[in-house]
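Trainee: fold the stuff below for me.
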Amino acid sequence: MNPIRRESSYPMVSVEEAYRLINTQLTPLPAEQVPAFTAEGRIVAEDITATEAMPDIPKAMVDGYALRAGDGMAVRRVLAELTAGGSTTSTLTEGTAARIMTGAPVPTGADAVVMFEYAREQEGLLQIERAPQVGDNIRQIGQDVAVGELILAQGSVLGAAEVGLLAMIGRTSLPVYRRPRVAVISTGDEVVEPDAPRPVGAVRDSNRYALLAAVREAGCAAISLGIAPDDRTTQRELLLRGLAEADVVLTSGGVSLGTRDLVKPLLAELGTVHFGRVLFKPGKPTTFATVQGKLVFGLPGFPASSLVSFEVFVRPALRRLQGDLHPERPTVQVVLGETIRPSPDRPEYQRIQIAWRDGQLVAQTTGAQLSSRLLSLRSANGLLLVPPGDTPYQPGDMLPALLTGAIR
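Mentor: Just a heads-up that it's a prediction; the model follows:
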């Protein structure tokens, strides 16, 4: 009796080809108008320019005395005191000055401000210690922002400084790309909720909750669709529900070659599978499809494989849907702090901790790199890109790594 050998009908694609196939299906989601002052993390959908100059009139940069530089070191008579927020009707003529506070409008006739530290005032007369130059300590019209100046370019990610700039120019709302809605489904008869009784041999559903967290961390709205048993009708119904409610659907499990792995056949029935296997480790059965104009990623069932596949393929796609012009994680060169054994036939993304040591970025693995070992991602802040081969990499060798978190 000949043994049954199951083979995938999907060709193995490289990581680069997988990126290309995903990117051909990506365009940023439509823009929406949102309040500016709670828009941190959002991505600007059009260029934002200034409609007025900042400052709009010359203002003092320091506390001191406004005066005429052409009067040199001569003693001046102090006419008034000017404060920020106040208006000025003072006009300085030869031999006069005005006491002025930071941010106050510079009076007509003045062209310099001398700091209090370099001046002495007694009985209304001012003596200065150094000759001023025209423009000293004055913020000129448009010095901070000129009319028509680009404040935020399309594709900018809004942070604290960007929100402050919007407030400064009086923009209370702005167009940003819509955040993708991402539905997450776990599959498998053996999968149970974390708070449910766990029969012998069953596994708690860590994948869905980890992926939901990763989706939110990527700036998206996460939708949990629960656990689908290994039943074609149920999985089909949940996939269709996800497609109706979300822009992107993620599944975990059910993408290998087992008789109960139903995700790939369902995606082929409902839409187009662009790739069903990737030449990388962990996560070879990672699948990408489009259905009804929506993106669907079938991720492996092993927890580490699922999250690594998300990081490598899904997260950049989600960022690009939001209009991010730089959706990929930064790549850095790291020095190996230990021996690294490559996979013989596939590039491997090993989970690592990267830290500064003696002026270098040094990488240590997080221990055993099993696809099932979620602990390999705990405290990891990088993925080491290890080319395939038979020769181990030695301590001191350098390899590229994706930087997925803060360097400690």
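Trainee: which residues of the stretch 101-250 of the chain fall in strands?
Mentor: Taking DSSP state E, counting those that start in this stretch, the strands of the stretch 101-250 of the chain run over residues 112-115, 119-122, 125-128, 138-139, 150-152, 173-177, 181-187, 191-192, 203-204, 221-228, 248-252.
Trainee: in JSON lines, list the ones you listed along with mean neighbour count and mean pLDDT.
Mentor: C-beta here means a position set from N, CA and C on the backbone, and glycine is covered the same way. Output for the strands of the stretch 101-250 of the chain, formatted as JSON lines (neighbours: other CB atoms under 10 Å; pLDDT from 0 to 100):
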{"stretch": "strand 112-115", "mean neighbour count": "23", "mean pLDDT": "98"}
{"stretch": "strand 119-122", "mean neighbour count": "14", "mean pLDDT": "96"}
{"stretch": "strand 125-128", "mean neighbour count": "17", "mean pLDDT": "97"}
{"stretch": "strand 138-139", "mean neighbour count": "20", "mean pLDDT": "98"}
{"stretch": "strand 150-152", "mean neighbour count": "17", "mean pLDDT": "97"}
{"stretch": "strand 173-177", "mean neighbour count": "19", "mean pLDDT": "98"}
{"stretch": "strand 181-187", "mean neighbour count": "26", "mean pLDDT": "97"}
{"stretch": "strand 191-192", "mean neighbour count": "20", "mean pLDDT": "90"}
{"stretch": "strand 203-204", "mean neighbour count": "14", "mean pLDDT": "88"}
{"stretch": "strand 221-228", "mean neighbour count": "19", "mean pLDDT": "96"}
{"stretch": "strand 248-252", "mean neighbour count": "28", "mean pLDDT": "97"}
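Trainee: and of those, who's closest to residue 69?
Mentor: Nearest to residue 69, of all the strands of the stretch 101-250 of the chain, is strand 112-115, at 4.3 Å by CB to CB.
Trainee: not counting its own residues, what contacts that closest one?
Mentor: 60-69, 100, 106, 128, 130, 132-138 (CB atoms under 8 Å, 6 or more residues apart in numbering).
Trainee: what about 7 Å?
Mentor: Contacts with strand 112-115, where a contact means CB atoms under 7 Å, 6 or more residues apart in numbering, come from 60-62, 64-67, 69, 100, 128, 132-138.
Trainee: check stretch 226-239 too.
Mentor: Contacts for stretch 226-239 (CB under 7 Å, 6+ apart): 185-189, 191, 205, 225, 249, 260, 262-263, 266, 270.
Trainee: list the buried residues for it?
Mentor: Judged by neighbour count (16 or more other CB atoms under 10 Å), stretch 226-239 contains these buried residues: 227-228, 230, 235-236, 238-239.
Trainee: do the same with stretch 157-175
Mentor: Within stretch 157-175, the residues that count as buried by 16+ other CB under 10 Å are 157-158, 162-163, 165-166, 169, 171, 174-175.
Trainee: returning to what we had before: show me which pair in the buried residues of stretch 226-239 is furthest apart.
Mentor: Largest pairwise distance in the buried residues of stretch 226-239, by CB to CB, is 14.9 Å, between 227 and 236.
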